[in-house]
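Novice: Need the 3D shape of this:
(chains A, B and C)
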Amino acid sequence: MVVSDKIPDMSEQYDQTSPKDIERYGRRLRGNTLRLTPGMKAIPVERLETLIGGHTKASFGYLLERYYYGINPGNVSAPDFPKAGVELKSTPLKLSRGSYAAKERLVLNIINYKKEAKVADFTTSSFLKKNARIMLIAYEHGLERAAVDNPVHIAQLLDFNRLPEKDQRIIEADWNRIVKKIRDGKAHELSEGDTDYLSACTKAAKGTDSREQAAGGPRAKPRAFSFKAGYMTVLLQQILQPAVADKEYEAAVEDPKVLARKSFEDEIIGRFSRFIGKSVGEIHQVLGKGLNIKSKDYFAMLARRMIGVHKKKIEEFEKAEISMKTIQLRGNGMPKEDMSFPAFKFLDVTKEVWNAEDDSERVPTFKKQLQNRFLFVVYQCDKDCKSDDNKKLVKAFFWTMPNEVLDDEVRKVWSKTKAAIRASDVERLPKKSENRIAHVRPHGRNADDTDTLPNGKEETKRCFWLNSQFIKQQIANN
DNA sequence: GCATGATCATGC
DNA sequence: GCATGATCATGC
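Specialist: Just a heads-up that it's a prediction; the model follows:
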């Protein structure tokens, strides 16, 4: 077994007590691979490839820690380099539309519910003790090659105290929100949608694992602090291509002091308040300069301007994985439209597993989308929401899909969809009349915008939709 | 007025 | 050229 291999002594290569030197040493990997980094004679490459197979991210992290840095930190609450106070982390990147994105969230330390409940405040939290300084190695993920051949693109020391102050405040607020639930004995109710950048993600070998929690609450799933994939993506892009990232994202909140007094969410909702009850015409007079009223994006652009941004990508929303949805209500209170999601690839859906338990299984994209938070911006029409109808802004609120609904009805819709695609039978795709929450409908540029079914036939692209009736209920509940 | 199918405007 | 969010068109 690999574990019987000796951990090489790398003390000649770098100083384990110095954050700077740990970073310098890590940077040698940039633009290179573990296999080819000069001087890396200590990795018994040929042997490891056969022993580990080299295809999982675990093996990259394992090789990095053991044969590049020569450490064997084990499962402790102290950082991997205790004297330097540095935690070593590696994370996979994926190429998405020409630029790199985090393939997944960055999982940090596991949460001990009983201990974390007793922590005095954020400054003494287990999160900060372990992750105040992270030596981050980001590599390009590729199933077709061995882990030692993954190209490394980023090697950077992330010092919590040097993150933008605004990020620090939001992460602290996230930690407080998570820990409040833990202290209240509600660890079993934690959800990733609760928080913005720092989340409590599930971390279990099996779905049946559970842990004791504080305040006598029921046993709860084990969870770990993690940075959301959206947060990692923006952070990584800011490191890799700062000029591009700068152009692409626009921050809603510029002054971090704002977040000392209230949450990011309250600040955003507050920005809508002076427009609530105003007609779209009135709002347009103030903010609508240059907007095309006929654009299908018009109400979303107006909403972004009420938030105070012009660009499509709001930095905080991207980091927190929040999607904004605009809704027009008819005179009778029914949303004018069902709510669409991005078109899926037929074959992708067939490979998804609802309760994925390891890396080889893919969580349904629709499930992931619905676990994120939404900002609903609601306009009320007098009659049928035609263009000449009188419309006014009535509501803006953050929303997440209730877990029970997700795991029951939504799961059924997804499951029917998967079965229909497997059978290459689009007639069996779940219709709106079959389920009170969601359905599947075409979503392409036109009917000729197609994707390939398992039997090789082309069909108009489809996507999941949330039913207008369900959206109506959710708006009424808020 | 709703269910279903189809398409548009934008931005990259 | 394409993905995306949103809306339009049709028929019952």
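
Novice: In the stretch 101-250 of chain A, where is pLDDT below threshold?
Specialist: Per-residue confidence for the stretch 101-250 of chain A (pLDDT under 70) gives these ranges: A:143, A:204-208.

Novice: Let's see that with 80 instead.
Specialist: By pLDDT under 80, the low-scoring segments of the stretch 101-250 of chain A are A:142-147, A:204-217.

Novice: Which one of the residues in it is closest to DNA strand C?
Specialist: As assessed by CB to the nearest atom of the strand, DNA strand C sits closest to residue A:101 within the stretch 101-250 of chain A, at 11.1 Å. Where C-beta positions appear, they are placed from N, C-alpha and C, glycine not excepted.

Novice: Can you report phi and psi for residue A:34?
Specialist: Dihedral pair for residue A:34: phi -60, psi -40, per degrees, to the nearest 10.

Novice: isn't it right next to residue A:63, touching?
Specialist: Yes - Residue A:34 is within contact range of residue A:63, at 5.6 Å (criterion: CB atoms under 8 Å).

Novice: quick one on the thing from earlier: the residue of the stretch 101-250 of chain A closest to DNA strand C belongs to a helix?
Specialist: No - read with DSSP: H, G, I helix; E, B strand; the rest coil, residue A:101 is strand and lies in no helix.

Novice: OK, contacts around the nearest residue to it once chain neighbours are set aside?
Specialist: Nearest in space to residue A:101, with sequence neighbours left out and distances taken as CB to CB, 6 or more residues apart in numbering, is residue A:233 at 4.4 Å. Residue A:233 sits next to A:101, A:102, A:318 when contact means CB atoms under 8 Å, 6 or more residues apart in numbering.

Novice: any chance of those in a markdown table, with distance to residue A:257 and neighbour count too?
Specialist: Below are the contacts of residue A:233 laid out as a markdown table (distance: CB to CB, whole Å; neighbours: other CB atoms under 10 Å):
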| residue | distance to residue A:257 | neighbour count |
| --- | --- | --- |
| A:101 | 31 | 17 |
| A:102 | 29 | 23 |
| A:318 | 22 | 20 |
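
Novice: which one of the residues you listed sits closest to residue A:17?
Specialist: For the contacts of residue A:233, the residue nearest residue A:17 by CB to CB is residue A:102; the value is 29.8 Å.

Novice: Which residues of chain A lie near DNA strand C?
Specialist: Within chain A, the positions lying close to DNA strand C (CB under 7 Å from any atom of the strand) are A:97, A:296-300, A:323-328, A:336-343, A:385, A:387, A:443-445, A:449.

Novice: which SS state does residue A:463 fall under?
Specialist: Classification of residue A:463 using three-state DSSP returns strand.

Novice: quick one on the thing from earlier: would you verify that the residue nearest to residue A:101 is located in a strand?
Specialist: No - looking at residue A:233 with three-state DSSP, it is helix, so not inside a strand.

Novice: ok, it to DNA strand B distance?
Specialist: Distance of residue A:233 to DNA strand B, given as CB to the nearest atom of the strand, to the nearest Å: 14 Å.

Novice: How about residue A:212?
Specialist: Shown here: residue A:212 relative to DNA strand B, a distance of 46 Å by CB to the nearest atom of the strand.

Novice: ditto for residue A:59
Specialist: Distance of residue A:59 to DNA strand B, given as CB to the nearest atom of the strand: 34 Å.

Novice: Could you give the number of residues near that residue?
Specialist: 20 (other CB atoms under 10 Å).

Novice: ditto for the one 4 residues further on
Specialist: Residue neighbour count, defined by other CB under 10 Å, stands at 26 for residue A:63.

Novice: hang on, the earlier thing: from the residues of chain A next to DNA strand C, list just the buried residues.
Specialist: Using 16 or more other CB atoms under 10 Å as the burial test, those include A:298-299, A:324-328, A:338-339, A:341, A:343, A:385, A:443 as buried.

Novice: right, and the pair among those with maximum separation?
Specialist: Spatially, the most separated pair among these is A:343 and A:385, at 24.4 Å (CB to CB).

Novice: in the stretch 351-478 of chain A, what spans have low per-residue confidence?
Specialist: Counting by pLDDT under 80, the ranges of the stretch 351-478 of chain A that qualify are A:357-360, A:387-388.

Novice: Contacts for the longest helix anywhere in chain A, please.
Specialist: Secondary structure of chain A read by DSSP state H shows that its longest helix is helix A:165-183. Defining contact as CB under 8 Å, 6+ apart, one finds that helix A:165-183 is touched by A:111, A:113, A:116-117, A:119, A:122, A:125, A:127, A:160-161, A:163, A:187, A:189-190, A:194-200, A:213-215, A:225, A:251, A:253, A:256, A:259-260, A:263-264, A:316, A:319-320.

Novice: Quick check: the gap between the residue of the stretch 101-250 of chain A closest to DNA strand C and DNA strand B.
Specialist: Noted for residue A:101: a distance of 13 Å to DNA strand B, by CB to the nearest atom of the strand.

Novice: nearest residue to residue A:280 other than its sequence neighbours?
Specialist: residue A:391 (4.5 Å).

Novice: The one you found contacts residue A:384, correct?
Specialist: No - applying CB under 8 Å as the test, residue A:391 and residue A:384 come out as separate, 11.0 Å apart.

Novice: So which of these two has more stuff around it?
Specialist: Legend: neighbour count by other CB under 10 Å for residue A:391 and residue A:384, higher for residue A:391 (20 against 12).

Novice: ok, whichever residue of the stretch 101-250 of chain A sits closest to DNA strand B - how many residues close by?
Specialist: DNA strand B sits closest to residue A:248 of the stretch 101-250 of chain A, with a gap of 6.3 Å, by CB to the nearest atom of the strand. Other residues near residue A:248 come to 17 when the count uses other CB under 10 Å.

Novice: Residue A:119 contacts residue A:129, doesn't it?
Specialist: No - taking contacts as CB under 8 Å, residue A:119 lies outside contact range of residue A:129: 9.3 Å.

Novice: Comparing those two, which residue is more hemmed in?
Specialist: Between residue A:119 and residue A:129, counted using other CB under 10 Å, the more crowded position is residue A:119 (19 against 16).

Novice: coming back round to it: would you put the C-alpha positions of the longest helix of chain A in PDB?
Specialist: C-alpha atoms of helix A:165-183 as PDB (Å, rounded to 0.1, in the frame of the first residue of the first chain):
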ATOM      1  CA  GLU A 165     -12.900  43.800   3.900                       C
ATOM      2  CA  LYS A 166     -16.300  43.300   2.500                       C
ATOM      3  CA  ASP A 167     -15.700  39.600   1.900                       C
ATOM      4  CA  GLN A 168     -14.400  39.300   5.500                       C
ATOM      5  CA  ARG A 169     -17.600  40.900   6.900                       C
ATOM      6  CA  ILE A 170     -19.900  38.700   4.800                       C
ATOM      7  CA  ILE A 171     -18.000  35.600   5.800                       C
ATOM      8  CA  GLU A 172     -18.200  36.600   9.400                       C
ATOM      9  CA  ALA A 173     -21.900  37.200   9.100                       C
ATOM     10  CA  ASP A 174     -22.200  33.800   7.400                       C
ATOM     11  CA  TRP A 175     -20.300  32.100  10.300                       C
ATOM     12  CA  ASN A 176     -22.600  33.800  12.800                       C
ATOM     13  CA  ARG A 177     -25.700  32.600  11.000                       C
ATOM     14  CA  ILE A 178     -24.400  29.000  10.900                       C
ATOM     15  CA  VAL A 179     -23.300  29.100  14.600                       C
ATOM     16  CA  LYS A 180     -26.600  30.600  15.700                       C
ATOM     17  CA  LYS A 181     -28.500  27.600  14.300                       C
ATOM     18  CA  ILE A 182     -26.000  25.300  16.000                       C
ATOM     19  CA  ARG A 183     -26.400  27.100  19.300                       C
END
